[in-house]
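Provide a 3D model corresponding to the input given below.
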Amino acid sequence: MALDRDSSIPLYQQVAGILRQHIEAGEYPPGTRLPNEDTLRRRYGTSRVTIRTAVQILADEGLVETHHGKGTYVRNDVVTMEMGALQGFYGALRRSGAAVTTELLTCDLVPAPRDVAHALHVEARAEIRRLQRLYRVNQRPMALTTSYLWSNLALEFSQAASTTVYGLLAGTISAPLQEARWTVSAEGASARQAAALDVSAGFPLLVLSRTTLSSDGVPREHTVHHVVSSLYRLYVSVHRDERPLEEDFLIRS
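Purely as a prediction, here's the structure:
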């Protein structure tokens, strides 16, 4: 991919963008070494300062890490989660093999925001329980999550800090959790999110919104995860539909 030298985007940002695309496409897999400065300088026809600044951008994003005297390597701590199973966020991170720690930031009662009230089928502004957590993976801040529970459960802070959302629900409802509905979007980090996640304001965050229903069809919790996009991957397994679907094979004029 060539640089656009007439663009208003600085060359170092363009180089960082190209390298980022190569990393995210798997052309530089986790644990592999990036080409050295001289190779990149010749490849893109830029100065050493431009290459160093581009690599530093990727390091600030958590994509690469530099070992003095050895080179720059793609980080190994990207977590992958399959969306085809009913599982909690913490459990999925642990099962990925990552070293996970959590910090409970708040455990309070709040009026339900309009979108949360709609998801949980409660009256707007009804009092519900809110939990906010910071997740770290391999000691790096990875996600801020805000969970809203279906009722204003009486919880001690210590209990909420040591128990997952699904664990709290399992101890308070008789019907088992049955189904999770996800939406996936993206947005730039706010100043508060950037400070907590150790990224720059506006950094792209993956936004995972989940509503979990019990077997009786009642929505029991609604959680929004704001995840550092460079540290997390989702995958979905799909199976062939045996019905013939003409629109999958033919473009109509």
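
what is the neighbour count of residue 247?
7 (other Cβ atoms under 10 Å). C-beta: built from backbone N, CA, C; applies to glycine.

heads up, I number from 59, so please use that
In the new numbering, first residue 59, that becomes residue 305.

Three-state assignment for it, please.
Reduced to three states with DSSP: H, G, I helix; E, B strand; the rest coil, the structure at residue 305 is helix.

quick one, grab the pLDDT at it.
At residue 305, the predicted lDDT confidence score is 70.

please report how far it lies from residue 299.
12 Å (Cβ to Cβ, to the nearest Å).

low-scoring stretches of the stretch 59-208 of the chain, by residue?
59, 134-136 (pLDDT under 70).

can you give me the helices for it?
For the stretch 59-208 of the chain, the helices defined by DSSP state H, counting those that start in this stretch occupy 69-82, 95-102, 106-118, 147-153, 172-178.

contacts for the longest one?
Same thing as helix 69-82. 59, 61-63, 65, 86, 92, 98, 102, 104, 107-109, 111-113, 115-116, 119, 121-122, 132 (Cβ atoms under 8 Å, 6 or more residues apart in numbering).

which of those are buried, as a ChimeraX select command?
For the buried members of those, the matching ChimeraX selection, counting by 16 or more other Cβ atoms under 10 Å, is:
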select :61,86,92,98,102,104,108,109,111,112,113,115,116,119,121,122,132
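
which stretches of the stretch 209-311 of the chain form helices?
Under DSSP H, counting those that start in this stretch, the stretch 209-311 of the chain gives helices at 215-220, 223-228, 249-255.

how about residues contacting the first one?
Spelled out, it's helix 215-220. Contacts of helix 215-220 (Cβ under 8 Å, 6+ apart): 160, 162, 165, 189, 226.

ok, the residues you listed vs residue 243, which is closest?
Taking Cβ to Cβ as the measure, residue 243 lies nearest residue 189 of those, at 21.3 Å.

look up how far residue 197 lies from the closest one.
Look at residue 189 and residue 197: by Cβ to Cβ, they are 22 Å apart.

what do you get for residue 250?
Counting by Cβ to Cβ, the gap from residue 250 to residue 197 is 21 Å.

bridging residues for the closest residue to residue 178 other than its chain neighbours?
Spatial nearest neighbour of residue 178, excluding adjacent residues (Cβ to Cβ, 6 or more residues apart in numbering): residue 277 at 5.0 Å. Counting by DSSP bridges, residue 277 forms beta bridges with residue 271.
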